Each structure stands twice: as structure tokens, then as C-alpha cells.
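# My questions concern the predicted model and sequence given below.
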Amino acid sequence: MNTLLQGKNIVIMGVANHRSIAWGIAQSLHNAGANLIFTYQGERLRENVAALTEKLGVESLLVNCDVTKDEDVEAAFAVIKEKVGVIHGLAHCIAFAKTEELEGEYVNTSREGYALAQDISAFSLVAVARAARPLMTEGGSIVTLTYLGGERVIQNYNVMGVAKAALDASVRYLANDLGKENIRINAISAGPIRTLAAKGIRNFNSVLKEIEEKAPLRRTIDQSEVGDTALFLFSNLSRGITGEILHVDAGYSIMGG
Ligand SMILES: NC(=O)c1ccc[n+]([C@@H]2O[C@H](COP(=O)([O-])OP(=O)(O)OC[C@H]3O[C@@H](n4cnc5c(N)ncnc54)[C@H](O)[C@@H]3O)[C@@H](O)[C@H]2O)c1
């Protein structure tokens, strides 16, 4: 336990189950004294999220928000404003692409699959940053999750890699827009972790094996390591950092081959 985030209200978007990276972030922030607000994708997930958040031992505000719907995003932040007022942070841990787009050649990506991956995985950051901005009257920190597949070609990551590239660029443009209000925005580029979203990627086991063999730390990373980095990015310790992509990947991304 520490008090780095005592008195801070932070919105966590993207908890689906106990393996979710968003849940790793939630635990680190909770242990640092933050008051957490959770958004979830559609009512079918509410029970899952409620069961998890009960384990924190405090009552958390849970709000429905499917990021493909403008009205959901608007309504979610209206509820958060009404119930909490000011927010100091937002964790965006949301991505989606159709399974059939995550195999074979990228050149075969469909128009619809491309648009869907961009909408949910990249545009949603813009939408939620815009909605959160008026609630961040005391400054703030936004953290999103990206992957190396946005910087380099990683087999089967395909359309999601291109969405992550757009997400990374959005982090820089949003950092410039929001910096004058002392709102910072950064991305954590996490190494591969077995989650629901990762299940959609073909040969995920061999990706994990490659990290164990080649990453400088010779191991994969887990949700708690991403969570603790998010804690740093939400805390005052990182006050000089914005528009950055921080790799939490056991060093894998520095390797040349
Ligand atoms: N698992 C990995 O190896 C890994 C590595 C790097 C980055 N990431 C990123 O981490 C983030 C979280 O993914 P995860 O691995 O924890 O998997 P996850 O499946 O637990 O989380 C993905 C979340 O996205 C949410 N989501 C999807 N469509 C949505 C919509 N329309 N509206 C609202 N929410 C929606 C899901 O409900 C789910 O909670 C994603 O951005 C993912 O790309 C994951």
C-alpha cells in the first residue's frame, strides 16, 4: 500500500475479467489509494465487473459504456460528472478486431474490418479524451495500452497493428491539444499477456515463447507490471511526461534480432 493516488478519482475502461490488463491497473491504483470508477462494455459484463470490484472492499461506481456509441460515451461521462464531479485520470484499455482479420496476410483486410478495428481500438481514445476533458478541471493523466505491432510488423497482428499505429499517433496529437490544461496522455506498450483479447491472435503461444527466449529479462510480463507503470503515469512522479510510449515488455522491443 502507498498513498501516491490518495484523493484521486480515476476512471478505468476495459475490465472484462480477472485477466484483463485493466484489472491489473485497477489493483495497483486501488493499492495507492485511488477512488476508482469502472466502465464496462454492455450490460452483459456488469455482473463480472461487479463481482471483481467487490473484492476491492470499497463501493465503486460502475457505468455502462460501449465506445462505438456516442450516446453511451456522453451518458457515461454525464453520470460520472454527476456522481464524482472532478476526475484526475482515465485508463483506456479497449481494443477489438474480428478474429478473421488477425490471421493470414494484412493485404486481405476488409474495408469493414479495418474501420471496426480503428473505431474501437483507436478512435475511442479520442472520443473518451474529449468526454473526460471537462471533468479534468484539476489537470489529469490519461493512459492507453498499445503494442509493438503498431511500430513493427508482427505476424497475424495485422489490422490491429495499424489501429495501434493510429492510437500511438493519437496519443501525440492529444498530448499537444490537452497539455495546456495540464492533462497528460501516455501509452504503455505492454508485452504479450494471455487475456481474452489475446485469444483472438493466432500463434499467441509462440509469441510468448519468443519473448521468454529473446527479451533481455528472458521472461514475459504480467498485469501487475503494467499496473504499476500505470500507477507511475497517473501519479505526480511522472508530471513531466506526456505524449510518450513506454514499453513494459521485459526489454523485448530493443532487440534487433
Ligand atoms: N494482452 C496483450 O498481450 C496486450 C498487449 C499489449 C496491449 N494490449 C492492449 O491492452 C488493452 C486491453 O486488452 P486485454 O489484453 O486486457 O484484453 P481484455 O479482453 O481483457 O480487454 C479488452 C477490453 O476491451 C473492451 N471492449 C472491446 N470492445 C469494446 C467496446 N465497443 N466498448 C467498450 N469496451 C470494449 C472489452 O469489453 C474488454 O474489457 C487492449 O487495448 C489491448 O490491445 C494487450
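Cool, got the structure.
# So which residues of this protein form strands?
Applying DSSP state E to the chain gives strands spanning 9-13, 35-40, 61-64, 89-92, 140-146, 183-190, 245-248.
# Of all the ones you listed, which one is nearest residue 173?
strand 183-190 (9.5 Å; Cβ to Cβ). (Each C-beta comes from the backbone N, C-alpha and C, glycine too.)
# Can you list the strands that that closest one pairs with?
Using DSSP bridges, strand 183-190 pairs in its sheet with strand 140-146 (parallel), strand 245-248 (parallel).
# How about residues contacting the last one?
When you say that, I think you mean strand 245-248. Strand 245-248 is contacted by residues 146, 148, 168, 171, 186-191, 221, 225-226, 229, 233, 253 when judged by Cβ atoms under 8 Å, 6 or more residues apart in numbering.
# make it 10 Å
Contacts with strand 245-248, where a contact means Cβ atoms under 10 Å, 6 or more residues apart in numbering, come from 21, 143-148, 150-151, 164, 167-168, 171-172, 186-191, 193, 221-222, 225-230, 232-233, 238, 253-254.
# Going through these, which ones are buried?
21, 143-148, 150-151, 164, 167-168, 171, 186-191, 193, 221-222, 225-230, 232-233, 238, 253 (16 or more other Cβ atoms under 10 Å).
# Now cross-check those residues against the ligand and list the overlap.
21, 145, 147, 190, 193 (Cβ under 6 Å from any ligand atom).
# how far away is the closest residue to the third one other than its chain neighbours from residue 18?
Read that as residue 147. Distances taken as Cβ to Cβ, 6 or more residues apart in numbering put residue 164 closest to residue 147, at 5.4 Å, once the chain neighbours are dropped. As judged by Cβ to Cβ, to the nearest Å, residue 164 and residue 18 stand 24 Å apart.
# ok, and for stretch 204-215, which residues are buried?
204, 207-208, 210-211, 215.
# now do stretch 31-40
For stretch 31-40, by 16+ other Cβ under 10 Å, it's 31-32, 34-40.
# contacting residues around residue 88?
Contacts of residue 88 (Cβ under 10 Å, 6+ apart): 5, 7-11, 34-35, 135-141, 183, 234.
# Now the buried members of those.
Here, 16+ other Cβ under 10 Å leaves 5, 8-11, 34-35, 135-136, 140-141, 183, 234 buried among the contacts of residue 88.
# among those residues, which two are most distant?
Farthest pair in those, by Cβ to Cβ: 35 and 183, 18.5 Å.
# about what we covered before: how about the strands of the chain in TSV, adding mean pLDDT?
Formatted as TSV, the strands of the chain follow (pLDDT from 0 to 100):
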stretch	mean pLDDT
strand 9-13	98
strand 35-40	98
strand 61-64	98
strand 89-92	99
strand 140-146	99
strand 183-190	99
strand 245-248	98
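# Which one, of those, ends up nearest to residue 160?
Closest among those, using Cβ to Cβ: strand 140-146, at 10.2 Å.
# to the chain's geometric centre, what's the distance from stretch 112-127?
Relative to the centre of its chain, stretch 112-127 is centred 14 Å away, using Cα atoms, centre = their mean, to the nearest Å.
# where do the helices sit along this protein?
According to DSSP state H, the chain carries its helices in the segments 21-31, 46-54, 70-84, 111-118, 124-132, 158-178, 196-199, 204-214, 223-234.
# just those: most buried one?
Stretch with highest mean neighbour count among those: helix 21-31 (a mean of 24; mean count of other Cβ atoms under 10 Å).
# Next, the angle strand 140-146 makes with that helix.
Going by axes from the mean of the first three to the mean of the last three Cα atoms, to 10 degrees, helix 21-31 is angled at 150 degrees with respect to strand 140-146.
# Check which helices and strands helix 21-31 sits against.
strand 9-13, strand 35-40, helix 46-54, strand 89-92, strand 140-146, strand 183-190, helix 223-234 (3 or more Cβ pairs under 10 Å, 6 or more residues apart in numbering; DSSP states H and E).
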